[in-house]
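Any chance you could fold what I've pasted below:
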Amino acid sequence: MSIITLHPDINFIRQTKKISGSSVKECVQCGECTAICSLSPENKPFPRKELIWAGWGLRNKLMGNLDIWLCHQCGDCSAHCPRGINPADVLAALRQMNYIHYAKPKFLAHLLGRPAYLPLALVIPVVIILAIIYAAGTLKIPEGPVNYSKFFPHAWLNSSFFAITLLIIGFTMAGIRNFWNDLKKNFPERKQTGIYKSFKTVIAEIIFHKNFNQCKTQKSRGISHLMVFYGFILLLLVTVLAIIAVITNNYPLPFLSPVKILGNTAALLMVAGLGIMIYQRLFNRQKYGNSNYADWLFLITLFLLTISGILLEVARFENWQSAYHFYFFHLVCVWFIIFYVPYIKFGHFIYRTVALVYARSRGRKA
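Residues are numbered from 1 along each chain as shown. The predicted model follows:
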């Protein structure tokens, strides 16, 4: 009879409890959470085994773990947990710890992980933006009608934005490569479906939020996620179209242009979806679970990004003197999100997509 030696990580247990707000050591392994989950596979189902691993502090079992990404935090397991442990929040905490674990460089992940470091995290994009504007020779409030390109020339804006985006993509791909390698090590089953085909299937599931629609406890979560998801995708499309308009000398765009209408529609979707999320997290915590610092940082940053975008549009058409201040604040929000994509909850979306593609290629699904 072989003897298995466990090496519990006490700090990992404490960190899981701190982020999730749940005491995983109180789990009695009744299996109710696994039985109620409609997304859990029949073979080696979750989240029962993940809860015991978290309670034992088996960090290596949970870093690069595939099954925690199959969970969509619908809350059905938490609603039926007889111990009130909130397994959905525990798995959400484990996902957060995963994308922070794989993030490159590490110091940026730690910078975004603690509220005390938030001022420093904000200073970095502020300093970079000011430095670029200073280099462009336009570090002053322009006179006359509002024209944002006089404050931050489009050539400088687009080129610097493109360069930083490429840098962040490089950091993200380095983390994803390590994550993918660990998935293969921890779940080495043979491929059943090609990666490309699996990717198409997963993207279709994400576009229609198929898995969210299976949730029973938190029906509005799927609706609000769809609104924010499509609102953000449309805003990205509008940004690309605006850059094309700049290059082709068709900027600024009139208020009733199709691009502006699309952008305003996207902004309304974002505000409505984020409003539902914030309301539920504030006033329906028993049903929607705990919200930690990472959750609020993500929601508030997106909300400020959207509201500031609306304000700077109105300010330009109304020629407000405060227009350039709104513009600078909006730029900081945009660059904060782009610069810290792998380290805030956007990283959650990236790593979930990768994990779902891997799971689909191995036949690992509900």
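
residues touching Y351, list them.
For Y351, the contact set (Cβ atoms under 8 Å, 6 or more residues apart in numbering) comprises 69, 95, 98-99, 102, 176, 179. C-betas here are computed from N, CA, C, even on glycine.

In JSON lines: these, plus pLDDT.
Output for the contacts of Y351, formatted as JSON lines (pLDDT from 0 to 100):
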{"residue": "W69", "pLDDT": "95"}
{"residue": "R95", "pLDDT": "95"}
{"residue": "N98", "pLDDT": "94"}
{"residue": "Y99", "pLDDT": "91"}
{"residue": "Y102", "pLDDT": "94"}
{"residue": "I176", "pLDDT": "95"}
{"residue": "F179", "pLDDT": "96"}
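
give me the low-pLDDT residue ranges for this structure?
1-4, 216-220, 366 (pLDDT under 70).

Show me the domain layout of it.
10-102, 108-361 (automatic domain parsing).

now the helices for the stretch 51-200 of the chain?
With DSSP state H, counting those that start in this stretch as the criterion, the stretch 51-200 of the chain has helices at 59-62, 76-80, 87-102, 106-113, 118-136, 148-151, 154-186, 195-208.

so what's the backbone phi/psi at I141?
phi -80, psi 120 (degrees, to the nearest 10).

Burial check on it, number of neighbours?
For I141, the neighbour count with other Cβ atoms under 10 Å is 12.

any idea how far it is from N147?
Distance, I141 to N147, using Cβ to Cβ, to the nearest Å: 11 Å.

quick one on the thing from earlier: point out the most buried one among the domains of the chain.
With neighbours defined as mean count of other Cβ atoms under 10 Å, these peak in mean count at domain 10-102, which reaches a mean of 20.

What distance separates the opening and closing residues of that one?
20 Å (Cα to Cα, to the nearest Å).

For the remainder of this discussion, apply numbering that starts at 57.
OK, 57 is where the count begins now, so the last one is domain 66-158.

how far out from the middle of the chain is it?
Centroid separation for domain 66-158 versus its chain: 19 Å, with Cα atoms, centre = their mean, to the nearest Å.

now swap in stretch 371-389 and tell me
Offset of stretch 371-389 from its chain centre (Cα atoms, centre = their mean): 26 Å.

which other residues reach stretch 62-76?
The contact list for stretch 62-76 (Cβ under 8 Å, 6+ apart) reads 79-81, 110-115, 142, 145-146, 148-150, 152-153, 346, 348, 350.

ok, 6 Å please
79, 110, 112-113, 115, 145-146, 149, 348 (Cβ atoms under 6 Å, 6 or more residues apart in numbering).

likewise stretch 347-367?
Residues contacting stretch 347-367 (Cβ under 6 Å, 6+ apart): 75, 152, 171, 323, 326-327, 330, 333-334, 337, 382, 385-386, 389, 400-401.

Can you pick out the most distant pair from those?
I75 and F382 (34.1 Å; Cβ to Cβ).

how about the helices of the stretch 107-256 of the chain, which one is nearest E374?
helix 204-207 (13.9 Å).

What distance do you get for the residue lying closest to R104 once chain neighbours are set aside to K100?
Nearest residue to R104 in three dimensions, chain neighbours excluded: T90, at 4.3 Å (Cβ to Cβ, 6 or more residues apart in numbering). T90 sits 10 Å away from K100, going by Cβ to Cβ.

distance between whichever strand or helix holds L353 and the chain's centre?
If you go by DSSP states H and E, L353 is part of helix 349-374. Its chain's C-alpha centre lies 16 Å from the corresponding centre of helix 349-374 when counted by Cα atoms, centre = their mean.

right, and the helix or strand after that helix?
Next in sequence after helix 349-374, counting helices and strands by DSSP H and E, comes helix 379-395.

would JSON lines of the helices of the stretch 107-256 of the chain with distance to V370 be doable?
Putting the helices of the stretch 107-256 of the chain into JSON lines (distance: least, Cβ to Cβ, whole Å) gives the following:
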{"stretch": "helix 115-118", "distance to V370": "47"}
{"stretch": "helix 132-136", "distance to V370": "41"}
{"stretch": "helix 143-158", "distance to V370": "36"}
{"stretch": "helix 162-169", "distance to V370": "31"}
{"stretch": "helix 174-192", "distance to V370": "22"}
{"stretch": "helix 204-207", "distance to V370": "13"}
{"stretch": "helix 210-242", "distance to V370": "20"}
{"stretch": "helix 251-264", "distance to V370": "32"}
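
give the contact list for W125.
408, 411.

Nearest residue to Q248 in space, please, no chain neighbours.
G419 (4.2 Å).

Near the one you found, how many other residues are there?
14.

didn't it look like it was pressed against K247?
No - using Cβ atoms under 6 Å, G419 makes no contact with K247, being 8.7 Å away.

which SSE is I334 in?
Assigned by DSSP H and E, I334 belongs to helix 314-339.

after that helix, next one along is what?
Note on helix 314-339: by DSSP H and E, the next helix or strand toward the C-terminus is helix 341-344.

My read is that A192 contacts L213, right?
No - using Cβ under 6 Å as the test, A192 is too far from L213 to be in contact (8.8 Å).

residue contacts, K401?
K401 sits next to 350, 354 when contact means Cβ under 6 Å, 6+ apart.

Kindly provide the distance from it to N348.
From K401 over to N348 (counting by Cβ to Cβ), the distance is 10 Å.

Report the two of the contacts of Y407 separated the most.
Spanning the widest gap among these are R151 and I232, at 14.4 Å by Cβ to Cβ.

mind checking the SS state of C86?
When classified by DSSP: H, G, I helix; E, B strand; the rest coil, C86 comes out as coil.
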